[in-house]
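1. The following block contains a protein sequence and its predicted model.
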Amino acid sequence: NSLFWKDEQRHFCTSLLLFESDSNSTMGTNLPLICFVVFAAVSLCTANPTKPHIIHMVVDDLGWNDVGFHDNSELKTPNVNNLAAQGIELTNYYVFRFCSPSRSTFMTGRYPYHLGQQTAMNLNPMPGVACGINLNYTFMPQMLKQSGYQSYALGKWHLGYLTNQYTPTFRGFDHYVGYYSGAEEHFTHNKTGAWPGFVAFDLANNTGTSVSPCRNHVGVNGTYSSYLYGNESVRIIENHDPNTPMYMYLAWNNVHNPCEAPQQFIDENDHIQDPGRRAFAGMQSALDVAIPQVIDALKRKGMWNNTLLVYTTDNGGNLGGDGNNWPLRGGKFTFWQGGVRGVAFVTGELVPQHLRGSKWNGLMHAADWYPTFAALANASTDNTGPLPIDGVNVWDAMTSNGTSPRTEVVINIESATKQNIFVPVDSPMHKHPGEADKLNYNQPAPIAQQCDGTNPNQRWSLSPVNSTTTFNICDGASGTFCFNQGSSSSRVVLYHPVETANGVYAFNASNHLYVPRLRPTKCIESTGLNSPLLQQECSTGSEAQNVTYDKDTQQLKINFVNGTVQCVGQNMPRPTGPNGTVLTVGVLIQGRYKLILGYPGWHQPAWDGWVPVPALMTDDKDVSTSGDRVRFQAGENPPCVGQCLFDVEADPEERNDISAQNPAIVAKMRARIFELAKSEVTIEASGLCPTPAGTKPDPACLAIAQKTGFWEPWLASP
């Protein structure tokens, strides 16, 4: 029997899956089965082709502590817990720190740094940027077609859609229902683009060479995403010939923010006091009901006995979207374990009986699915792209509880080169394109230090360019790290100086860019000594920031409201190799050791990686309560600045930097990172953004969306 939703209650009927909810619910989901036809009852049948059916489920932004089978009694995921108990959990499995790079790795078997996906760009998840994975790479379904597979994709794409050629059915899938961008509303399927204030519909219904928006009615109050993709998955399975091997890439929208779920699922989690975490748990509960319906459909068709189901995240939980990676450090957007150690298991009848319910600790990376699926399908991965695959076939090791054929995982390598510079979508430089070339986004932020007039690292050279508006303020050592107006390499611009008494200049401060009449109201913030400076919003209507330059001591001083005075130190050293290669970041795992070169976090370099835990049942987990939220005790572990080594077997929480005690290990792994860096493919070289617009929003995309109301391919060719 399948699950039938009516009036927010659970009822059962035979051979039909239809999720529906009352329009009087908080966010109703009237669903007349969108973009497809309701199917008639099907008879049970059996089939057992030699090549297995593969269900590749990706749960978006799923964190380490976001599943019940990680001893989390807070979240109600009994069905997923049961699937994990019947399969093999992958406990030493790694992904990228956010969405698009991991998905490009799933589809190509290559590391992100070989695809131009190694930077913070994340394929600019807001619609409007003419970027996508190089068409010379053979995606997973194209590779499997040589073995006779029919392939289907549902849900999130986030791999480019500037032309039809970048969309799923032109990259090997036979059918696709889903959204192109990095996220969308769960009920309305709307998405804000790269142009503030403009929202369009992001839902496609593609078959073969037919690429079109899904224009059918989605319900007065919207259609919830897991209902939509669950229904379509069942429809596909029920109409699939079981004698033909199937690859289904089911990329759920859950549990990506915004945290939205049908009200009955939120109500089921009323034991969680934090409202954001309660809504997140509702998304998990909704997904936990949808997944078994897909499996039931496979069983009715007699396909389950020859199916491998993979359940994987694409990155760690989003701490800003109520995700939770406890006890791991960090989360989505970071290279801490909380951002890259992924939740995953395999299940299905292909899993050996004696290994069901076991854990495999073999080293594995997201790139390994590509050759592993190829081996199961008897397909070749040769000649599938400009570079050879980075993945390895782990099936035999996994299903024998053996040693992984992997000896290392390259989490990321990004060189500090102009060829990796991109302009964030929300940057004011899009209104002033000429400024983009003046900024070096690979320079680190300046450091806050205790003022010491004898410290040469606190000496800055001030050279007036214009007596009233512009100064060059550069470090005293190289003279290349500057706060110059309009061309700052420090990510902070100091402008409009006013000379005060005693030979002191007072400045206003801005983030990235100063343009008259376009003055970002950003102020400098410091979270502690020897921590990189951050940016925060200034008080409403205020540009003033008390930053002064003392001509006698050559120090830049920040005078905070609480009376604290800190001095600006020179920039953090970038990791530099013997051949002069300079890295923004390099992260490598070999065996039990993880070496981090550069800063492993996100936009706030002073953050030490310890995170809010918006949960209830954590009193025994070394936390303290602050308001409605529960927080880690922070401060005992400083940020990783420059170089850190962790033993992630003995210290999975990355609390103890052991680099000083293990110079030989550091030297060996550091040399390996710089050797690997020789094969990096930069954004510019990768063909990731092949149009003259580069990484900037393309107005032609907006023009099409304004005309049709949909985000859809807008170019005939790159």
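-> That came through, no problem.

2. Show the pLDDT at residue 332.
-> Looking at residue 332, its pLDDT reads 91.

3. Tell me how far it lies from residue 254.
-> 15 Å (Cβ to Cβ, to the nearest Å). Backbone N, C-alpha and C define where each C-beta goes, glycine included.

4. Name the SS class of the closest residue to residue 109 other than its chain neighbours, please.
-> Closest residue in space to residue 109, ignoring its immediate chain neighbours: residue 370 at 2.8 Å, by Cβ to Cβ, 6 or more residues apart in numbering. At residue 370 the chain is in helix, as set by DSSP: H, G, I helix; E, B strand; the rest coil.

5. Residue 370 reaches residue 137, doesn't it?
-> No: the pair residue 370 and residue 137 does not pass the contact test of Cβ atoms under 8 Å, sitting 10.5 Å apart.

6. out of those two, which sits in the busier spot?
-> residue 370 (28 against 21; other Cβ atoms under 10 Å).

7. need the contact list for the more buried one.
-> 106-109, 140, 143, 381, 389, 391 (Cβ atoms under 8 Å, 6 or more residues apart in numbering).

8. Kindly report the same for residue 706.
-> Contacts of residue 706 (Cβ under 8 Å, 6+ apart): 198, 200.

9. For it, which three-state class applies?
-> helix.

10. How about residue 386?
-> Applying three-state DSSP: residue 386 is coil.

11. burial of it, as a residue count?
-> 13.

12. got it, and the one 5 residues further on?
-> Residue 391: 25 surrounding residues under other Cβ under 10 Å.

13. can I assume it is in contact with residue 374?
-> No: Residue 391 lies out of contact with residue 374 (Cβ under 8 Å); the separation is 9.1 Å.

14. Residue 59 touches residue 250, doesn't it?
-> No: at 9.5 Å, residue 59 does not count as touching residue 250 under the criterion of Cβ under 8 Å.

15. now for the contacts of residue 370, which pair is the farthest apart?
-> Greatest spatial distance among these (Cβ to Cβ): 106 and 381, at 13.7 Å.

16. three-state assignment of residue 414?
-> Taking three-state DSSP, the label given to residue 414 is strand.

17. ok, now which ones touch it?
-> So residue 414 contacts 113, 118-119, 420, 583-586, 680 (Cβ under 8 Å, 6+ apart).

18. With distance to residue 299 and neighbour count added, can I get the residues you listed in TSV?
-> Shown next, in TSV, are the contacts of residue 414 (distance: Cβ to Cβ, whole Å; neighbours: other Cβ atoms under 10 Å):
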residue	distance to residue 299	neighbour count
113	41	27
118	41	26
119	44	23
420	48	23
583	50	23
584	49	23
585	45	24
586	46	30
680	46	23
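
19. mind listing which of these are in helices?
-> Per DSSP state H, helices hold no members of the contacts of residue 414.

20. before we move on, back to that, mutual contacts of residue 370 and residue 137, please.
-> Each of 107-108 lies in contact with both residue 370 and residue 137 under the rule Cβ under 8 Å, 6+ apart.

21. returning to that earlier point: neighbour-wise, which of residue 106 and residue 381 wins?
-> residue 106 (25 against 19).

22. so which helix or strand takes in the more buried one?
-> helix 99-108 (DSSP states H and E).

23. So which elements touch that helix?
-> Under the contact criterion of 3 or more Cβ pairs under 8 Å, 6 or more residues apart in numbering; DSSP states H and E, helix 99-108 touches strand 53-59, helix 140-145, helix 369-377.

24. Minimum distance to residue 449: which of these has it?
-> Closest among these, using Cβ to Cβ: strand 53-59, at 43.0 Å.

25. Next, the buried residues of that closest one.
-> 53-59 (16 or more other Cβ atoms under 10 Å).

26. per-residue confidence averaged over the helix or strand just after that strand?
-> Downstream of strand 53-59, the first helix or strand assigned by DSSP H and E is helix 78-85. For helix 78-85, the mean pLDDT works out to 96.

27. Show me what helix 78-85 is packed up against.
-> So helix 78-85, by 3+ Cβ pairs under 8 Å, 6+ apart, packs with helix 275-300, strand 307-313, strand 344-347.

28. next one: the next helix or strand after it to chain centre, how far?
-> Counting by DSSP H and E, the next helix or strand C-terminal to helix 78-85 is strand 88-90. Chain-centre distance of strand 88-90: 22 Å, with Cα atoms, centre = their mean, to the nearest Å.

29. Stretch 112-125 now?
-> On Cα atoms, centre = their mean, the centre of stretch 112-125 falls 10 Å from the chain's centre.

30. CA atoms only: put it into PDB for me.
-> Only the C-alpha atoms of stretch 112-125 are listed here, as PDB (Å, rounded to 0.1, in the frame of the first residue of the first chain):
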ATOM      1  CA  PRO A 112      36.000  20.500  -7.600                       C
ATOM      2  CA  TYR A 113      39.500  22.000  -8.000                       C
ATOM      3  CA  HIS A 114      39.800  20.200 -11.400                       C
ATOM      4  CA  LEU A 115      36.500  21.700 -12.600                       C
ATOM      5  CA  GLY A 116      36.900  25.400 -11.600                       C
ATOM      6  CA  GLN A 117      34.600  24.800  -8.600                       C
ATOM      7  CA  GLN A 118      37.200  25.300  -5.800                       C
ATOM      8  CA  THR A 119      36.500  29.000  -4.900                       C
ATOM      9  CA  ALA A 120      33.700  30.500  -2.800                       C
ATOM     10  CA  MET A 121      31.600  31.100  -5.900                       C
ATOM     11  CA  ASN A 122      29.400  28.000  -5.600                       C
ATOM     12  CA  LEU A 123      28.200  28.600  -9.200                       C
ATOM     13  CA  ASN A 124      26.500  31.700  -7.900                       C
ATOM     14  CA  PRO A 125      23.300  29.900  -6.600                       C
END
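
31. Of all residues in the protein, which one is nearest the centre?
-> Nearest residue to the geometric centre of the chain (Cα atoms, centre = their mean): residue 98, 1.4 Å.

32. Show the contacting residues for it.
-> 122, 314-315, 332-333, 339.

33. out of those residues, which one sits closest to residue 676?
-> residue 339 (19.9 Å).

34. Just to check, the closest one is in contact with residue 333?
-> Yes: counting by Cβ under 8 Å, residue 333 is a contact partner of residue 339 at 6.4 Å.

35. all helices in the stretch 601-718 of the chain, in order from the N-terminus.
-> 663-676, 683-686, 699-708 (DSSP state H, counting those that start in this stretch).
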